[in-house]
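Undergrad: need a 3D model of the sequence below.
(chains A and B)
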Amino acid sequence: MKELNDGKPRKIKSVRPYSFTLEEDTTNFGTYVKGGIVTQVKQPRVLNFKPLRAALKDPGDFLLSDFSKFDRPPLLHIAFQALDRFICEIGRFPVARSEEDAQKFISIAGNINECLGEGGVEDINPKLLTHFAFGARAVLNPMAAMFGGIVGQEVVKACSGKFHPLFQISVFGSKLQKNLEDAKVFIVGSGALGCEFLKNVALMGVSCGSQGKLTITDDDVIEKSNLSRQFLFRDWNIGQAKSTVAASAAVSINPQLKIEALQNRVGPETEFVFNDDFWENLTVVINALDNVDARLYVDQRCLYFQKPLLESGTLGAKCNTQMVIPHLTENYGASRDPPEKQAPMCTVHSFPHNIDHCLTWARSEFEGLLEKTPAEVNAYLSNPSEYATAMRNAADAQAKDNLERILQCLEQEKCETFQDCVTWARLRFEDYFVNRVKQLTFTFPEDATTSTGAPFWSAPKRFPRPLQFSTTDPSHLQFIMAASILRAETFGIPVPDWVKNTKMLAKAVEKVIVPDFQPKEGVKIETIETDERATSLSTGSVDDAAVINELLFKLERCRNNLPSGFRMKPIQFEKDDDTNYHMDLIAGLANMRARNYSIPEVDKLKAKFIAGRIIPAIATSTAMATGLVCLELYKVLDGAHKVEDYRNTFANLALPLFSMAEPVPPKVMKHRDMSWTVWDRWILRGNPTVRELIQWLKDKGLNAYSISYGSCLLFNNVFPRHKERLDKKVVDVAREIAKEDLPPYRSHLDVVVACEDDEDNDINIPQISIYYR
Amino acid sequence: MDGEELTEQETALYDRQIRVWGADAQRRLSKSHILVCGMKGTVAEFCKNIVLAGVGSVTLVDDRIVADESLSANFLILPHENHYNGKTLAEVCCDSLKEFNHMVHVAVETGDISTFGVEFFEKFDAVIISCCSLGKKKLINRKCRKLSKRVAFYTVECRGSCGEMFVDLLDYKYSKKKLEETIECQIEYPSFEEAISVPWRALPRRVSKLYFAMRVIEQFEDVEGRNPGETTIADLPGVLKLRKELCETNSLDESQIPDALLERLLTDTREFPPVCAIIGGILGQEVIKAISGKGDPLKNFFFFDAMDGKGLIEDISGPSTRS
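TA: Residues are numbered from 1 along each chain as shown, chains lettered A, B, ... in the order given. Sure thing, here's the model as predicted:
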């Protein structure tokens, strides 16, 4: 069917994963032999736009019952008339919270109602009127409205004036306002989300009271690309700690804010900073993080210390919020997204079929050439004898590989002048884009077949063709430029100015003698069929040991020829510096490879996006996410809300779509008449022995077979020698095995016990806190 | 791709967002001019978002003198008296906004916006109106529509926990990606006046109660000659009376506009920071969409109520412009 190779767009129908039908008569076409790559062409067409109505079902309707009481305008009219009369008679508003004034007010209202006769109301509802009197001095609380319940319990009162003008007219009930002011809040992260949160909490008056405390931590410093949405930062803050700059900006929004800025990453390694006391004192934790691992860690801490965690994240125009409330909702880690798909290694190494594969390869080559190998060279040079011993002891393929790379770097490919670097770059080009392709197509010719007889080069595999280096191709020269400059950097060789002059560079490249390449027989190349075997690490052999000794001998000789104190400079990939040639090299590597495989190339910006694994981000979705979280923060700080009062959100501003849902309650585990969730912990007092702990569980119908403390196994019934631990105190076993003293302020330790019921079903029980003093 | 390339400085600063909407959209943004009238908390949030996004210029109109009250939800006004003493809202906000992004030209225009001639609006690509009377909104919308070029028109009002946003993009063409295909789309928008004069019985059922409630309050303020938000609970009887009239004319059941909701809207005149952040975020994104031509724009009303956390899009159009 060579007729199809004319490259014209064709209409197709019945598209299936592996086939489609052409919408034309092909009876006169030749026979289909094999192969062919089809690209989808986008033909613009005009459509009538249908509106997206995001009419969302209300999950809760929780407020109506509370508000039914207020649905009584006649009573309110009476109340206002009564208020007028009260002011006339007494000459002032009822004093907030004054029972006496409230009683007086109610009696006035009662009189008015009686005078109305038929037009009056049946029940003047003294309770409501009391609230009315309590709150008469203030503008009716708008926000209290949000919390249904609060209106009934706590009525607005003008704030006492210890605040800044900003909050003098408080919009909140006094109890809630006080809760906000005295809240001990921990904001984890001071990036885009963190900045928005700080602005919001400053405006809301959170942590602005004498008891209040806001802790914000971030170990990152400010860089240029942050400024487009992390609005508390300015140009002159670049290089400064994010948390410190953000904290002082927040104080300028509200000088009452009690804030402390830290520069610690939150994780197991900083538990001396964020210790038990710190966590126990918190009221609420707000995550403003950019990665899942840190989120999971904070989630575990909040779970352990039973603290509410307000979680949010953005991706481009999308944002989501998730409320984690002790005992009411599941924790963040309870539901997880499936891990990201990764291309198999053989696809990346030899059979790429899209630009992502090429970029993944480019990035890994970059790291190998410019970071790992120089670092390995330095490791060897800083302590040759120790390094040699380590390699001899390992005596495996990995060790051999490392030594070969070091030797290559210091012997055959050693660079002393910039011209050496150009030579290296030119030979790299030849190796990557010519020789390797020749070898691959030699091992697997175009007409090769698999063991089942099918054509080897069938979709999605693309048949590669070697490139022909040419100094007239600007992309070839750019590759040489970036590669030689970075190579020079690793060897500490100064970069001459002429490198940026294409003519001069071309001349330098033309000097390079490129040896001919002959493909070899019997070269192993991983394919999808062999991929699995490749992952099992090859073990050391006698041969390896001999080769390693040989390599070490050669290396020793090389080392003696090096200037004393010679070290290489490993280069760490940094995507955000446009002048460092890192992205130029990666884009060059990826695009040249794409050219080998007839894959469309990408520009530097796109390359940076994919290779840098950059998360796209905009200010608007961040602002929205934090606004939504802060609405929930009111509910958390107000306390005593039910799960159906809370909202998780998913929004996509590009669509636009807004959807809300009640948080999911935690999974309830049941055993006999007991039930528990991930939030529960069992407590066992009286410093028990291991046997007593097991018996205690036995009494609940649970057969414990394994007890662990952190990463230490304290007891497992499969090990006979563990039997002698049965009559020791749990805490003593823990001290002995974990080889660490328990902190003096601690009076309990938490153990995880694996249990079965009498039918040998595993039962997931809560952590057990064992009190030993 | 038309127009000059982005500068190196722009590419570095806007890197993360260029990854969302592309270099072409960023170029269009940096050449756009925005007019904003009425500097309250929601509009402050909006301005922050578009200044950070890197529009060409933002012009602020609000001659009201900064009062202590203005501080409550507007983070652009710092609570040092010497920061705002005697200055107008537009001036103080302008000073703060300038610092967010030096590449954006932020300026103040003084005077009553309703007296500005049609040609004044021609300088802009989007006009955002807040804290203005019904009459002013209609007038400015009409002026924008008279121009030969398309000037996107938005109104936004927040009353406590409730927010309303209106969008008029006239006859709007844009492209969007669906799966792998690029589709050209076209939407016709009614003017503000046309939209709010669509008879209520002609509207689809289940239109947000907030739509009706906002119209009642808006009319009330208009009749009484007040600015948005200049209401108290004492106005409730008058508002209830107006509701009755409007519901009768439109044959709508009065229960569609609950008393409790009207009460909240009358008394909740103060803005509420998280709601400002939410509405300001959405409005920001809508303006960015309209300028960049990327993504489905909202048609034509958006409502948010923090009380139930719901965000609703309503298409209020006459038969000619109903999609």
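Undergrad: list the contacts of the closest residue to chain B within the stretch 301-450 of chain A.
TA: Nearest to chain B, among the residues of the stretch 301-450 of chain A, is residue A:316, at 4.4 Å (C-beta to the nearest C-beta). C-beta: built from backbone N, CA, C; applies to glycine. Shown in contact with residue A:316 (C-beta atoms under 8 Å, 6 or more residues apart in numbering or on different chains): A:616, A:617, A:618, A:621, A:654, B:19, B:20.
Undergrad: which of those residues has the weakest pLDDT?
TA: Lowest pLDDT of the contacts of residue A:316: residue A:616, 74.
Undergrad: end-to-end on stretch B:112-126?
TA: 18 Å (C-alpha to C-alpha, to the nearest Å).
Undergrad: now residue A:762. Its backbone dihedrals?
TA: phi -70, psi 130 (degrees, to the nearest 10).
Undergrad: quick check: pLDDT value at the nearest residue to it once chain neighbours are set aside.
TA: In this structure, residue A:762 finds its nearest non-sequential neighbour in residue A:756, 5.8 Å apart by C-beta to C-beta, 6 or more residues apart in numbering or on different chains. With respect to pLDDT, residue A:756 scores 91.
Undergrad: quickly list what residue A:756 is bridged to.
TA: Beta-bridge pairing for residue A:756 (DSSP bridges): residue A:703, residue A:762.
Undergrad: count the residues that sit near it.
TA: Neighbour count of residue A:756, defined by other C-beta atoms under 10 Å in any protein chain shown: 14.
Undergrad: surely it touches residue A:763?
TA: Yes: Residue A:756 lies in contact with residue A:763 (C-beta atoms under 8 Å); the separation is 6.5 Å.
Undergrad: shared neighbours, the two?
TA: With C-beta under 8 Å, 6+ apart as the test, residue A:756 and residue A:763 both reach residue A:702.
Undergrad: check which helix or strand covers residue A:649.
TA: strand A:648-652 (DSSP states H and E).
Undergrad: tell me how chain B divides into domains.
TA: Domain ranges of chain B: B:8-194+B:271-314, B:198-267, per the TED database.
Undergrad: just name the most buried of those domains.
TA: domain B:8-194+B:271-314 (a mean of 21; mean count of other C-beta atoms under 10 Å in any protein chain shown).
Undergrad: how close does residue B:45 get to residue B:165?
TA: Look at residue B:45 and residue B:165: by C-beta to C-beta, to the nearest Å, they are 12 Å apart.
Undergrad: if you could redo that for residue B:32, that was the one I meant.
TA: 19 Å.
Undergrad: and residue A:369, how many neighbours does it have?
TA: Residue A:369, neighbours per other C-beta under 10 Å, totals 22.
Undergrad: ok now the helix or strand harbouring residue A:592, how far from the chain's centre?
TA: According to DSSP H and E, residue A:592 maps onto helix A:582-596. Between the mean C-alpha location of helix A:582-596 and the chain-wide mean there is a distance of 28 Å, by C-alpha atoms, centre = their mean, to the nearest Å.
Undergrad: is chain B contacted by that helix?
TA: No: with C-beta under 8 Å from any C-beta of the partner chain as the criterion, chain B is not reached by helix A:582-596; the gap is at least 11.5 Å.
Undergrad: contact partners of that helix?
TA: Taking C-beta under 8 Å, 6+ apart as the rule, helix A:582-596 contacts A:352, A:355, A:358-359, A:361-363, A:365-366, A:429, A:432-433, A:437, A:464-467, A:475-476, A:478-479, A:481-483, A:486, A:571, A:573-575, A:599-604, A:607-608, A:611-612.
Undergrad: just to revisit the earlier point, partner residues bridging the residue of the stretch 301-450 of chain A closest to chain B?
TA: If you apply DSSP bridges, the partners that residue A:316 bridges to are residue A:617.
Undergrad: how close does it get to residue A:656?
TA: For residue A:316, the distance to residue A:656 - C-beta to C-beta - is 13 Å.
Undergrad: now residue A:420
TA: Residue A:420 sits 57 Å away from residue A:656, going by C-beta to C-beta.
Undergrad: which positions in the stretch 51-200 of chain B make contact with chain A?
TA: For the stretch 51-200 of chain B, the contact set with chain A under C-beta under 8 Å from any C-beta comprises B:52-54, B:68-69, B:71-73, B:75, B:78-79, B:99-102, B:159-161, B:175, B:180-187.
Undergrad: among the contacts of helix A:582-596, the buried ones, what's the ChimeraX command?
TA: Command for ChimeraX, covering only those of the contacts of helix A:582-596 found buried under the criterion 16 or more other C-beta atoms under 10 Å in any protein chain shown:
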select /A:352,355,358,359,361,362,363,365,366,429,432,433,437,464,465,466,467,476,478,479,481,482,483,486,571,573,575,599,601,602,607,608,611,612
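Undergrad: ok so, going back, what touches both of residue B:45 and residue B:165?
TA: residue B:279.
Undergrad: scan chain B for its longest helix.
TA: helix B:273-292 (DSSP state H).
Undergrad: hey, where'd the helices end up in chain B?
TA: B:8-13, B:15-30, B:41-53, B:81-84, B:89-100, B:118-121, B:134-146, B:192-196, B:209-224, B:236-249, B:259-267, B:273-292.
Undergrad: out of these, which gets the lowest mean score?
TA: Across the helices of chain B, the lowest-scoring stretch is helix B:81-84, with a mean of 70.
Undergrad: point to the residue nearest the middle of chain A.
TA: In chain A, the residue lying closest to the centroid (C-alpha atoms, centre = their mean) is residue A:291, at 1.6 Å.
Undergrad: residue contacts, it?
TA: So residue A:291 contacts nothing (C-beta under 8 Å, 6+ apart).
Undergrad: could you list the low-pLDDT ranges of the stretch 151-300 of chain A?
TA: A:151-173 (pLDDT under 70).
Undergrad: how much space separates residue B:50 from chain A?
TA: Per C-beta to the nearest C-beta, to the nearest Å, residue B:50 is found 8 Å from chain A.
Undergrad: pretty sure that residue contacts residue B:58?
TA: Yes: Residue B:50 lies in contact with residue B:58 (C-beta under 8 Å); the separation is 6.6 Å.
Undergrad: overlap in contacts of these two?
TA: residue B:34.
Undergrad: quick one: secondary structure of residue A:101?
TA: Classification of residue A:101 by DSSP: H, G, I helix; E, B strand; the rest coil places it in helix.
Undergrad: what separation do you get for it and chain B?
TA: 19 Å.
Undergrad: how many residues are close by that residue?
TA: Residue A:101 has 20 neighbouring residues, counting by other C-beta under 10 Å.
Undergrad: and it, what pLDDT?
TA: 78.
Undergrad: more neighbours: which of residue A:420 and residue A:656?
TA: For the pair residue A:420 and residue A:656, the greater number of neighbours falls to residue A:656 (21 against 17), based on other C-beta under 10 Å.
Undergrad: how about that one, phi and psi?
TA: Torsion angles, degrees, to the nearest 10, at residue A:656: phi -90, psi 150.
Undergrad: the helices in the stretch 401-550 of chain A, which residues?
TA: In the stretch 401-550 of chain A, the segments counted as helices under DSSP state H, counting those that start in this stretch are A:418-430, A:436-443, A:474-491, A:502-510, A:531-535, A:542-561.
Undergrad: nearest to residue B:259, out of those helices?
TA: helix A:531-535 (69.6 Å; C-beta to C-beta).
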